[in-house]
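Enquirer: next input, structure requested:
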Amino acid sequence: MFETVTDVSDRFGLHGCSSSPLEYPLKSSTIVPVILVSTANTGILHWNQQRPKMHVTAVCFIGAISSFTLQSSSSVPVEFFVSIQFGQDNWLGRSPEPVHDRGPFQTLQRTQKAVRACCRDYNCYSEASSIDVRVSDGMYELKEPLAFSSLDSGPHPNIPVRWIGGEGVSINGGTSITNWTTLPGRGLWIAPVPDDIIYFNQLFVSGKRRVRARSPDLGNYKIWKSPLCPLPPRNKHNNCSEQAQYGFIYDSTDVPDEFRNPSRVEFVVYHGWTASRHHLKEVFSENRTVMFTNPSHQPIGAWANHDSEGGGRYYIDNTLEGLDTEGEWYYDESNSKVLYWPLPGEQLEGFEATVSQQVELLQINGTMNVEYHNMSVEYSQWVCGESEVCDWQSAEWQSHAAVHLTNAHNISFHGLRIAHHGPYAVWVDAHSQHILIDSCVIEDLGTGGVRVGSNATVSDRSSAVKNVLIYNCTIQDGGWVFPSGTGIFIQYAYYVNATGNEVSFFSYTGISVGWSWNFDNTTCGNHYIGFNRVRNLGLRRELGDAMACFYTLGLNYGTQIVNNLCHDVYGFYTGGYCLSQDQGSSGILMEKNVCLKVTASPQNQHYGEKNVYRNNMFLYGYTDSWTQRNPGGLRTSPQDALPNSFLIEGNIVVISNRSALLFDGNWNDSNPHWSYSLNRNVYWSTVSDISKESIFGGCSTRSCGVHAYNYTLEEWQNTGHDSQSVVADPGFADPHYYSSLNFTLVDTSPALKLGFQQIDLREVGPRG
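Expert: Numbers count the residues shown, from 1 in each chain. Predicted coordinates:
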């Protein structure tokens, strides 16, 4: 949290911030972005429940969040203490030291009971600034989720319940595996599994995820031969469409006839922007067919082959036969043993592994006015039912999260480390409002980081998920089990502000906003996505298509994506954008973003209405042996009968590949449904003089086939576009800006002459 108004102004270059209480009258359609400023050491956060007016003690309006009140009190908190090391649940929990019967509780559950009693007793809290639970260092193992309900709510917005830990506090859903010995003959280690462990699907050593035995090894894939039956064109259906969701025909001897434990064998099959996980039903070796118990979301084979959108690839997971590489493990249920192939340097003496058992660790349902500070929430496992569809975009099919909020209000998380999870780490689910996720580290994830909203819109906007701030967080290293997991995944919600975060090392999209593939009115919009650094997506080259640093869907009026940095995005075959506005994306401002080194165009609008791309830097595409389509600068791919309109104004567009497409897609706006406006852009190529080349506008081969065409700049300007735009070196002050990420322009830059504003990225991403 910021300590002064000046801290906010200095970081984000804002003016007009005041430390006096503000009354800010708002229209219902107004975006109200704020960064909170703490005026007390406690940093207690409260919202007044009034809209459209906002009353705050200190605020700057820069993001899409509303109705906060931040205040402090001279009162002292009521304190409870808990220590797993020397507490006793039959004590009173009122002292941090084991002093007679006033010493700390031992368990979180017993502490909950005491806090609930205090919250119902006016005499307990009436003079308090808060009700604090001081959690001493130690591992608090959960055999079932720690559930918070309305009974755990702070008695008043000004008197929250605060669960306060420290660096050594771990709320832990894992179980240790010890007593390892050497298995003769193969160099494997083996250990007994405790009797109380039913099943587990993840294993960690020293806090590092290990790979479950698979074939082929991590980073490699098999290619299926054909679908089960002849499929119709994509998005069409016939009798084969459903059948083909349950298996495929494999090639040669890629699938063994028999497995040691066939009921636990899983297949992971790749589609364009997702991967489906399946339970094996049967292998028919006579016709090389494999069948599953659960279907994929789309027919296997809807993506024609392995070099089209990434389809056709698969691997076999959780097989004893696949235990053939250092760092892999396998749980042999029939013998209640776990086998592990150690990495070089690992020592058998004292070796310990952790397996996750609980699916959800914190369930916050109907709770209000609670804060969680400075603790770790670790080790949850994922679920994929034997008849469940276990795939779709951004893994939205999942119904669990390690930290799951439902109908929760005025809840905040400060300085948490949320790590080693199977499902999404945090889900701000149905009807939850006024949620703060501040300065958290969220990492090592089977799926994604933070999910906000649900996949169903609501008719009453007052009950929608809204007013969520994700600030100063590091969200990294996800998609290990379900590669479509997303760093920040916003579905149907209002006023979500993601500011000052770093999102990195996911296999799919960094930040996704919206959940409608058309122009239907939905409960989505007025979001602020600013000052984030999103990088290193798709390094495992698993998915492609519309994956991007910043991906949007459907109506998002009032949403701003501004002052972000995106770099190093790698799609498989196709995809890998910076700004990707997919089907129906509308009403979005994208300004002062820097995009570079992506395997597709930095800017991409499939179709949508009234989007604005202004004052961005679209720098360089990137191509390698994985990328089969040329990267470019600008792209749109409209559909004939659907609206498509946007403004691209005052940007810098640089290409660095002779085969790059400066304009990709269909830029022919003679269609009555399409309306484009481009002007005051600076175009440049580092490898050729494009001032006279036919490289502008028109329609690329991918969109128009043999009828493809492009214009020279002069011809393109004669069509009414880019009348004030130029081909010129933008004039970066730092010749090594590509690596230094210093994008300052010299005073004589042609872009500055056209009104381009300098982009200062020094404040992008989290602060310590």
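Enquirer: which residues of the stretch 501-650 of the chain score low on pLDDT?
Expert: For the stretch 501-650 of the chain, the stretches with pLDDT under 70 are 621-631.
Enquirer: again, only using 50
Expert: 625-626, 628 (pLDDT under 50).
Enquirer: ok, Asn536 - how many residues close by?
Expert: Asn536 has 16 neighbours, counted by other Cβ atoms under 10 Å. C-beta coordinates here come from the backbone N, C-alpha and C atoms, glycine included.
Enquirer: can you give the strand pairings for the host helix or strand of it, parallel or anti for each?
Expert: Asn536 is part of strand 533-537 when elements are defined by DSSP states H and E. Strand pairing for strand 533-537, using DSSP bridges, gives strand 502-504 (parallel), strand 565-569 (parallel).
Enquirer: run through who's touching the first one.
Expert: Right, the one you point to is strand 502-504. Strand 502-504 is contacted by residues 449, 473-477, 487-488, 510-511, 532-537, 765-766 when judged by Cβ atoms under 8 Å, 6 or more residues apart in numbering.
Enquirer: and what of stretch 280-296?
Expert: By Cβ under 8 Å, 6+ apart, stretch 280-296 touches 225, 228, 242, 245-252, 255-259, 262-263, 265-267, 269, 271, 276, 278-279, 384-391.
Enquirer: quick one, which of those residues are buried?
Expert: 228, 245-250, 255-256, 259, 265-267, 269, 271, 276, 278-279, 384, 388-391 (16 or more other Cβ atoms under 10 Å).
Enquirer: now, which of these lie within strands?
Expert: Taking DSSP state E as the definition of strands, the buried ones among the contacts of stretch 280-296 contribute Gly247, Phe248, Ile249, Glu266, Phe267, Val269, Ser276, His278, His279.
Enquirer: average pLDDT for stretch 88-104?
Expert: Per-region confidence: stretch 88-104 scores 94 on mean pLDDT.
Enquirer: what of stretch 164-183?
Expert: On average, stretch 164-183 scores 96.
Enquirer: just the buried residues of that stretch, please?
Expert: Ile164, Gly165, Val169, Ser170, Ile171, Asn172, Gly173, Gly174, Thr175, Ile177, Trp180.
Enquirer: any idea how far the host helix or strand of the fifth one is from the middle of the chain?
Expert: For Ile171, the element it lies in under DSSP H and E is strand 169-172. Distance, stretch centre to chain centre, for strand 169-172: 23 Å (Cα atoms, centre = their mean, to the nearest Å).
Enquirer: follow-up on the earlier one: next SSE after the strand holding Asn536?
Expert: Remark: after strand 533-537, the chain's next helix or strand is strand 548-552, criterion DSSP H and E.
Enquirer: which strands and helices sit next to that following strand?
Expert: Counting contacts by 3 or more Cβ pairs under 8 Å, 6 or more residues apart in numbering; DSSP states H and E, strand 548-552 is packed against strand 511-513, strand 533-537, strand 555-562, strand 565-569, strand 577-581, strand 585-591, strand 594-598.
Enquirer: tell me the phi and psi of the most centrally placed residue in the chain?
Expert: What sits nearest the mean C-alpha location of the chain, by Cα atoms, centre = their mean, is Gly487, with 1.5 Å. Backbone torsions for Gly487, taken as degrees, to the nearest 10, come to phi -60, psi -60.
Enquirer: is it in contact with Arg535, as I believe?
Expert: No. Using Cβ atoms under 8 Å, Gly487 makes no contact with Arg535, being 10.5 Å away.
Enquirer: distance check, His271 against Ser685.
Expert: 35 Å (Cβ to Cβ, to the nearest Å).
Enquirer: mind checking pLDDT for Phe2?
Expert: For Phe2, the pLDDT comes out at 37.
Enquirer: cool, and Ser20?
Expert: 31.
Enquirer: now do the one 3 residues further on
Expert: In this prediction, Glu23 carries a pLDDT score of 30.
Enquirer: before we move on, what about Asn410?
Expert: Reported pLDDT for Asn410: 98.
Enquirer: quick one: residues in contact with whichever strand or helix holds it.
Expert: In the assignment (DSSP H and E), Asn410 maps to strand 409-414. The contact list for strand 409-414 (Cβ under 8 Å, 6+ apart) reads 1, 43, 45-47, 154, 157, 160, 364, 367-374, 403, 405, 426, 432-440.
Enquirer: and it, which strands flank it?
Expert: Using DSSP bridges, the strands paired with strand 409-414 are strand 368-373 (parallel), strand 433-438 (parallel).
Enquirer: go through the ones you listed and pick out the most buried.
Expert: Compared across the strands paired with strand 409-414, strand 433-438 shows the largest average neighbour count, a mean of 25 (mean count of other Cβ atoms under 10 Å).
Enquirer: what is the helix or strand following that strand packed up against?
Expert: On the C-terminal side of strand 433-438, the closest following helix or strand by DSSP H and E is strand 441-445. If you count contacts as 3+ Cβ pairs under 8 Å, 6+ apart, strand 441-445 packs onto strand 417-421, strand 424-428, strand 474-476.
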